[in-house]
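Visitor: need coordinates for the following:
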Amino acid sequence: MEVFKERVEYDDANRIMKLNGLEGDVMKLYKVYTSIYEFVGKKKQGVAKLSIEYEKRDPSVPAPTKYLNLVSLFVEEADASLVKAG
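Guide: Numbers count the residues shown, from 1 in each chain. Below is the predicted model:
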């Protein structure tokens, strides 16, 4: 388990949500860590575009691939919530 404190930004017009890292374990490795979720297409059939912006604190730090499963899980939960609200 890890701790991650973030600030969430919503852009409803463009259907984009950003999770900007503020504190926690991930911030020990990265100066910047932002997960970006962009929901594209129709409400009932769309695509979620995911990206992670990051800046390493040190060149030896690996890319944050270990967080991809968490990002994917978040999209699955958002999808289920959107379908339910549909």
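Visitor: alpha carbons only: can I get stretch 5-23 in PDB?
Guide: Output of stretch 5-23 as PDB, limited to C-alpha atoms (Å, rounded to 0.1, in the frame of the first residue of the first chain):
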ATOM      1  CA  LYS A   5      -2.600  12.900  -1.900                       C
ATOM      2  CA  GLU A   6      -3.800  14.600  -5.000                       C
ATOM      3  CA  ARG A   7      -5.700  17.700  -6.300                       C
ATOM      4  CA  VAL A   8      -8.400  16.800  -8.700                       C
ATOM      5  CA  GLU A   9      -9.200  19.200 -11.600                       C
ATOM      6  CA  TYR A  10     -12.200  18.800 -13.800                       C
ATOM      7  CA  ASP A  11     -12.800  20.200 -17.300                       C
ATOM      8  CA  ASP A  12     -16.400  19.300 -17.900                       C
ATOM      9  CA  ALA A  13     -16.600  20.900 -21.300                       C
ATOM     10  CA  ASN A  14     -13.800  18.700 -22.700                       C
ATOM     11  CA  ARG A  15     -14.600  15.800 -20.400                       C
ATOM     12  CA  ILE A  16     -11.100  15.700 -18.900                       C
ATOM     13  CA  MET A  17     -10.100  15.000 -15.300                       C
ATOM     14  CA  LYS A  18      -6.600  15.400 -13.900                       C
ATOM     15  CA  LEU A  19      -5.200  14.000 -10.700                       C
ATOM     16  CA  ASN A  20      -2.200  16.200  -9.700                       C
ATOM     17  CA  GLY A  21       0.100  14.600  -7.200                       C
ATOM     18  CA  LEU A  22       0.800  16.700  -4.100                       C
ATOM     19  CA  GLU A  23       2.200  14.300  -1.500                       C
END
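Visitor: and that stretch, how far from the chain's centre?
Guide: Stretch 5-23 has its average C-alpha position 8 Å from the chain's average C-alpha position, going by CA atoms, centre = their mean, to the nearest Å.
Visitor: average pLDDT across it?
Guide: In this model, stretch 5-23 has a mean pLDDT of 93.
Visitor: buried ones in it?
Guide: Of all the residues in stretch 5-23, those buried under the rule 16 or more other CB atoms under 10 Å are 6, 15, 17-19, 21. Quick note: C-beta positions are derived from backbone N, CA and C, even for glycine.
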